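> Curious how this folds, go ahead:
(chains A and B)
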Amino acid sequence: MPVTSQTRKLIIPILIFLLALSLISANLHSRENMSFFESLVVGITSPVQKVVRRIIGGIGNVWRGYFYLVGAQKENEVLRRELHELKLQVNRYREADLANQRLRALLNFKKSIATPLLPAELVSFDPSGWFQTILIDKGSSDGVAQDMAVVSAEGLMGRVIGVSSRHAKVLLILDANSAVDALIQRSRVRGVLVGLGRDLCLLKYVQRNEDVQVGDQVISSGMGGVFPKGLLLGTVQEVVRGSSGLFQRVEVEPAADFSRLEEVMVVIQPPPEEPSLKGARKRQE
Amino acid sequence: MRTFFLYFLLILGAYLCQTVLYPIFVIPELRVDLFLVLLLHFSFSYERSKALVMALFLGLLMDVGLPLQGWVHPLIYLGLALLASMLWQNLNLHSRRYQAFFLGLCTLLEGVGIRTILVLQDAGFAETSHFLIVLTGRTITTALVGPLLLAGLERLDQWFSSLGVFRESQEA
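Residues are numbered from 1 along each chain as shown, chains lettered A, B, ... in the order given. The predicted model follows:
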């Protein structure tokens, strides 16, 4: 009887199934040691498996690592952003703290003098660079008027030379056009403090025999009616008594730090001007 | 209109530099007068009438906040704009070297001009020695930096032109 193709198709799977069953049955008896066949198969396939595993493991690691890094990068960005925000916040707090200190100093200063003061903020400096003027953010609508004194916690800054409704132009005491009637606090020697156009002033018209020493403090005399009396102007930095001439050269370092100007105070009501002092004011201007 | 707006922004930027940024520099005295550079650019590139109008405007802007009486900067800028627009046709001011020299000269004239006017007005001014030091420093700085700024403005003008902004050049 000839074997048909259908029977052959059925016999082959059965034989393979029986072979597999016999191999499994044989292994059940010797689990601790591999059979020859098993060892052979493992011996042949294991290097390839290792390579493939390594490759797949590597890809898996890269894959997992990539997604991990993406997550870490996002997390890093979030943390960076938070850190940046916190830094900004800390900076704001620090700035607020410094402003608080400055304003406290101004407040204390305000309490220390009798005249009413109006706080103002610096807007800009002189655009040309040849003068020592500033613009502040208070003007006539706030009560600021021409010739009002402008002060800071450290001392006198200057006077108002021009006003608009919202802003005022201030001539600093450093400018060569500025002149303030002044006193040496210790010896009460009088002079006129004029600016030199840089971070230095000159106390003019101090006679040669007058007592002026380096380190003496210079204050406003109150003469002229523009500046309140007793405001600190600066400290004597150098005294030069030439071999000739009526006056000595007294250089004064201003008390206020003009390079760090931020807030100033405008003396709203200048003291009433006495008729006898008008002459002195004319001399100043 | 677009040219006007763009130059308005430039002038605003220059003004902010002059009034807010310069004073915080380490040596604020050694500044380049950006208005002067803008003015010379206008004088070199545009009609004289426009340059003079610009000189007037920039001068008035510069005088804001200064303890000056009268039109000090407008007068000086008008003079410099006139000089620049006249010399542009006669001298080779295309050359950066000549521009450096001319910018330095204009800075010198500007400083001396302000001082002269103040002396005439009997107003106070910085000590002569200090004034001369600052003026020398400024002249050198402007001569060094000014041509670069002018070159930048020329590039900007080309960019304006490429945007389709109408530009009337003296060369044309």
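> Run through the helices of the stretch 1-150 of chain A in chain order.
A:5-29, A:36-112 (DSSP state H, counting those that start in this stretch).
> for the shortest one, what is the average pLDDT?
Taken as a whole, helix A:5-29 has a mean pLDDT of 62.
> quick one: B:Pro67 and A:Leu172 touch, right?
No: using C-beta atoms under 8 Å, B:Pro67 is not in contact with A:Leu172; the gap is 9.9 Å. (Glycine included, C-beta is placed from N, CA and C.)
> which residues are in contact with both of those two?
A:Thr133 (C-beta atoms under 8 Å, 6 or more residues apart in numbering or on different chains).
> Now do the strand or helix carrying B:Gly13, average pLDDT.
Assigned by DSSP states H and E, B:Gly13 belongs to helix B:2-16. Averaged over helix B:2-16, pLDDT sits at 80.
> Helix or strand next in line after it, which one?
Following helix B:2-16 in sequence, per DSSP H and E, is helix B:34-45.
> With just CA atoms, put the helix or strand following that next one into PDB.
Next helix or strand after helix B:34-45 toward the C-terminus (DSSP H and E): helix B:48-63. The C-alpha coordinates for helix B:48-63 follow below in PDB (Å, rounded to 0.1, in the frame of the first residue of the first chain):
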ATOM      1  CA  ARG B  48      21.200 118.800   4.300                       C
ATOM      2  CA  SER B  49      17.700 120.100   5.300                       C
ATOM      3  CA  LYS B  50      16.900 116.800   7.000                       C
ATOM      4  CA  ALA B  51      20.200 116.700   8.700                       C
ATOM      5  CA  LEU B  52      19.600 120.200  10.000                       C
ATOM      6  CA  VAL B  53      16.200 119.300  11.300                       C
ATOM      7  CA  MET B  54      17.700 116.300  13.000                       C
ATOM      8  CA  ALA B  55      20.400 118.500  14.500                       C
ATOM      9  CA  LEU B  56      17.800 120.700  15.900                       C
ATOM     10  CA  PHE B  57      15.800 117.900  17.400                       C
ATOM     11  CA  LEU B  58      18.800 116.100  18.900                       C
ATOM     12  CA  GLY B  59      20.200 119.300  20.300                       C
ATOM     13  CA  LEU B  60      16.900 120.100  22.000                       C
ATOM     14  CA  LEU B  61      16.700 116.600  23.300                       C
ATOM     15  CA  MET B  62      20.300 116.800  24.600                       C
ATOM     16  CA  ASP B  63      19.500 120.100  26.400                       C
END
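> Just want the angle from whichever helix or strand comes after helix B:48-63 to helix B:48-63.
Downstream of helix B:48-63, the next assigned helix or strand under DSSP H and E is helix B:72-90. Put simply, helix B:72-90 runs at 150 degrees to helix B:48-63, going by axes from the mean of the first three to the mean of the last three C-alpha atoms, to 10 degrees.
> What helices and strands are in contact with helix B:72-90?
When contacts are defined as 3 or more C-beta pairs under 8 Å, 6 or more residues apart in numbering or on different chains; DSSP states H and E, helix B:72-90 packs onto helix B:34-45, helix B:48-63, helix B:96-120.
> just these: most buried one?
Among those, helix B:34-45 has the highest mean neighbour count (mean count of other C-beta atoms under 10 Å in any protein chain shown), at a mean of 24.
> any idea of the angle that one forms with helix B:72-90?
30 degrees.
> per-residue confidence averaged over helix B:34-45?
Helix B:34-45 shows a mean pLDDT of 89.
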